[in-house]
Structures are given as C-alpha cells and as structure tokens.
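**Student:** pasting a predicted model and its sequence here:
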Amino acid sequence: MTGNQDQAQGDIKAKLLDAALNHVPFDGWSEVTFRAACQEADVPEVLAHAVCPRGGVDLALAYHARGDSRMLARLEAEDLSGLRFRDKVAAAVRFRLEAVEDKEAVRRGTTLLTLPQYAGDGVKAIWGTCDLIWETLGDGSDDLNWYTKRASLAGVYSATVLFWLGDDSLEHQATWEFLDRRIGNVMDFEKLKAGLQKNPLLKPFLAGPNWLAGQIKPPKDRDDLPGSLNPRR
C-alpha cells in the first residue's frame, strides 16, 4: 500500500471516528454507531468497511491510537528533564489519560475489548501504549527487562484507568495519587530485585536465570507485540 493510500485511509478513519464519538455514549462501539458514523461522515458503508473491516471495534482501536498520539505529542512538547524517572513515567500515564475527551468512550471501549473475542486486541493496545511510553522516555533494554518493564507498566496503567473511570474527585486528584502509589509499588519491587542480584550468596543460583534472561530479545517491530494474533517472524 502506498503512502497516499495510507493517508487516504487514515483520513477516512478519522472522519468516521469523529462522527462515531457522538453516538458511542449511547450505543457503544457497535454496528449501530458505525452505521450512524458512515451516514454522518458521508462515507459509503462499503468503503468504511474496507477501512474498518470490523466496524466499531476498529474505530475503538483507532480512538485508543489517537489518545496515544496525543500523549506522544505532549511528551515531546513538555520539559521533563528535571523529574525523577518514576515521575516521568507517572507524567506519561497522566498525559495519556488527560488526552481523553470523553470518559464514556473509554468506558465503552474497555467493556468491548475485554470480551473474549477482542481480548487480544485490548492487550495489544495497552501494551502498545506502554511500549510507546518506554521508547519515548529512552528505554534501551534489549533483554528480558524489555518485557518486564512493559508488563509492570501495563499493570499500573490498566489499574489506573479503572480507578480513573470511577473517580469524581476534583481534577482527578485521587487518580494521580493512586497512580503514584502503584508506581511506588513497582519501584519497591525493582529495588528488591536489584538487592537480590547484588547478594553474593545468591549469585551462583542466579547465574543460569540471568544468562537465560540475556538471551531473550524484544520484538523486531511493533506488529510483533504481545496480543498480536499474527506476529511477524
């Protein structure tokens, strides 16, 4: 597919997404919403299904991707140089949630992407967000740590989203405090792990696992992230 074709499809998907957001709070990311979006965006359904073969599901994923893009733009615009690394991660998660214009769209998407038939898509979307955060913050790991960092952040991110969906505190202050505690839990675990690695009594027992961890490499491209149904080999 050429760059012009990619751009054209992206433009159509964006038009459909903008139109769909008016209906998602009432009908979710459903076929009803998809058909309404086609009508309002003046996009023939045949063409719309060529761009979004699964209709509302693909629009829900496009909405998630839009949030990721907005988070990335803010991360690149903000000066985080004076922050501790844990605070940079917290800022990234906060920027991602603040990129959301309508909580109900996220709530409906969360419900949809936890269904068994779409769970793989949901995992891939969350993992992709966490991978983007780590890449943008300069993660250079190329072994098992590549996976453990993203898995830990995926757990933090998922828990924070669920908390945020039910948070009615002023400017979501309770959510940011919850996020800070969850990142604190992860940092405590990392400190414990580092301490065990330095313990001379444990070094002989950790030699094998450490060697194995060093042989594990990250995926070659973003289409091979966890949750992909057809990863590239």
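**Tutor:** Good, I have the coordinates.
**Student:** which pLDDT value goes with the residue nearest to the spatial centre of the chain?
**Tutor:** Centre of the chain computed as the mean C-alpha position; nearest residue by Cα atoms, centre = their mean is residue 129, 2.6 Å away. Model confidence at residue 129, given as pLDDT, is 97.
**Student:** quick one, phi psi at residue 81?
**Tutor:** phi -60, psi -30 (degrees, to the nearest 10).
**Student:** quick check: the gap between it and residue 149.
**Tutor:** Distance, residue 81 to residue 149, using Cβ to Cβ, to the nearest Å: 21 Å. Any C-beta I mention is one placed from the backbone N, CA and C, and that applies to glycine too.
**Student:** more crowded one of the two?
**Tutor:** Set side by side, residue 81 and residue 149 show more neighbours around residue 149, with 19 against 6, by other Cβ atoms under 10 Å.
**Student:** ok, the residue nearest to that one when sequence neighbours are not counted - contacts?
**Tutor:** Of all residues not flanking residue 149 in the chain, residue 134 sits nearest, at 5.8 Å (Cβ to Cβ, 6 or more residues apart in numbering). Shown in contact with residue 134 (Cβ atoms under 8 Å, 6 or more residues apart in numbering): 149, 150, 153.
**Student:** neighbours of the second one, how many?
**Tutor:** For residue 150, the number of neighbouring residues by other Cβ under 10 Å comes to 26.
**Student:** that older thread, host element of the residue nearest to residue 149?
**Tutor:** helix 119-136 (DSSP states H and E).
**Student:** can you map out the helices along the chain?
**Tutor:** Ranges of helices in the chain, per DSSP state H, are 3-20, 24-27, 31-41, 45-51, 56-77, 85-98, 103-113, 119-136, 144-165, 173-198, 203-215.
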